[in-house]
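J.: Have a look; sequence and predicted model below, questions after that.
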Amino acid sequence: YSQIFNATMMLQSSIVYILAIALLSPHVSSFTAPSFLPKSSFAPSSSLHQTTTVTTRNTITTRLSSTTCPYDYALIFDCDGVIIETEELHRLAYNAAFDAAGLEINGEPVQWSVEYYDVLQNTVGGGKNKMFFHFRNTTGAFPTSQKGSVPAPTTAEEEQDLIDALQENKTNLYKDLIKEKAVPRPGVIELMDEAIADPKIAVGVCSASTKAAVTKVLDVTLGEERRNKLNVCILGDDVAKLKPDPLIYVTAAERLGIDPKRCVVVEDSLVGLKAAKGAGMKCLITYTSSTAGEDFYGFGADAKVPELGSRLVTLDKIFEPMKENVDAEILVGVKD
């Protein structure tokens, strides 16, 4: 009986050890098997070791952010409407794409007015989502193409194909408009440069727009040298859910390894505000003519100004109050 008992205990120990290694493997790159187990049975392969190394880096950044983060604070900018006023350029590009495809519903061409696009940008994040919302919620029908010669899509796959094609052409049209008309909003470059120069402040851009569209905007407005100094840049292609879902800002905080409460987001719309607050971050609104009437404070904005430049917004005015209390009010005497 004693031999059976000893064998059983050794088997149980082996099982417990294997389970422990399975659970800990994302956090360790190597381990030593106990003396009663053959080491060759547990030596990790080179491919497993490579995978473990990547997982370990990501896990440590996320889980130990409170003790290893090199930054005291983070300043994160939206792109469209914050770095430059692009919303009207987006609207013009969508309408040009609709026209090029010959889209019609009940014989009427598909066009987005200024007033309607203002509603869309404060309701739905991402270009494809805006089009799906329009056809599914606003019109209740998908359009025909080529002036009625191509019937409306009848399956989810055909709907997706149409939206994908429209978005691709819209992005190309938008990039052409950016070349001609992109000008940074007053004060944004100055504030970004001030933050980039401070080694204790991380600087990033988080936009729901596609990588192709945002990269063009950043190249034109920021320049390659400044863009390469950003500590994080997350775009619509990089996340599974777009604003107002907070995922894009949650992901930014994880990559920086910083507490979201130490992050301040610069946004211009309700969609972006909801995403920032949902991630547990402070949010400064720089509203535009199309978003000026929104109840930003009612949805939790920490501050709002018409422009960063006109109110002389600086790093000290944003972060100095947070040094004594991370929950302190920001831009006192500056904000609306």
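T.: Arrived safely. No experiment lies behind these values; they were computed from the predicted model shown.
J.: what residue lies at the spatial centre of the protein?
T.: For the chain, the residue nearest the mean C-alpha position is residue 248 (3.0 Å; C-alpha atoms, centre = their mean).
J.: show me what contacts it?
T.: 206, 208, 234, 236, 238, 239, 241, 242, 275 (C-beta atoms under 8 Å, 6 or more residues apart in numbering). Bear in mind the C-beta positions are built from the backbone N, C-alpha and C, glycine included.
J.: The fifth one contacts residue 251, correct?
T.: Put plainly, it is residue 238. Yes. Assessed by C-beta atoms under 8 Å, residue 238 is found in contact with residue 251 at 7.4 Å.
J.: Out of these two, name the residue with the larger neighbour count.
T.: More crowded of residue 238 and residue 251, by other C-beta atoms under 10 Å: residue 251, with 17 against 14.
J.: Relative to residue 268, how far out is that one?
T.: Remark: distance between residue 251 and residue 268 (C-beta to C-beta, to the nearest Å) = 20 Å.
J.: And for residue 120?
T.: 14 Å.
J.: Looking at these two, which one has more neighbours?
T.: residue 268 (29 against 22).
J.: which residue packs closest to the more buried one, ignoring adjacent ones?
T.: residue 81 (3.6 Å; C-beta to C-beta, 6 or more residues apart in numbering).
J.: Would you format the contacts of residue 248 as JSON lines with pLDDT, secondary structure and distance to residue 155 included?
T.: Conversion of the contacts of residue 248 to JSON lines gives the following (pLDDT from 0 to 100; DSSP: H, G, I helix; E, B strand; the rest coil; distance: C-beta to C-beta, whole Å):
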{"residue": "206", "pLDDT": "98", "secondary structure": "strand", "distance to residue 155": "33"}
{"residue": "208", "pLDDT": "90", "secondary structure": "coil", "distance to residue 155": "26"}
{"residue": "234", "pLDDT": "97", "secondary structure": "strand", "distance to residue 155": "32"}
{"residue": "236", "pLDDT": "90", "secondary structure": "helix", "distance to residue 155": "25"}
{"residue": "238", "pLDDT": "95", "secondary structure": "helix", "distance to residue 155": "28"}
{"residue": "239", "pLDDT": "96", "secondary structure": "coil", "distance to residue 155": "26"}
{"residue": "241", "pLDDT": "96", "secondary structure": "coil", "distance to residue 155": "24"}
{"residue": "242", "pLDDT": "93", "secondary structure": "coil", "distance to residue 155": "24"}
{"residue": "275", "pLDDT": "97", "secondary structure": "helix", "distance to residue 155": "31"}
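J.: now those residues: which count as buried?
T.: 206, 208, 234, 236, 239, 242, 275 (16 or more other C-beta atoms under 10 Å).
J.: can you redo those as TSV with distance to residue 296?
T.: Formatted as TSV, the buried ones among the contacts of residue 248 follow (distance: C-beta to C-beta, whole Å):
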residue	distance to residue 296
206	18
208	18
234	23
236	22
239	23
242	20
275	13
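J.: Of those, which is the nearest to residue 173?
T.: Closest to residue 173 out of the buried ones among the contacts of residue 248 is residue 236 (17.4 Å), distances taken as C-beta to C-beta.
J.: For residue 160, see how far away that closest one is.
T.: Taken as C-beta to C-beta, the span from residue 236 to residue 160 is 16 Å.
J.: same deal with residue 211?
T.: In terms of C-beta to C-beta, residue 211 sits 19 Å off from residue 160.
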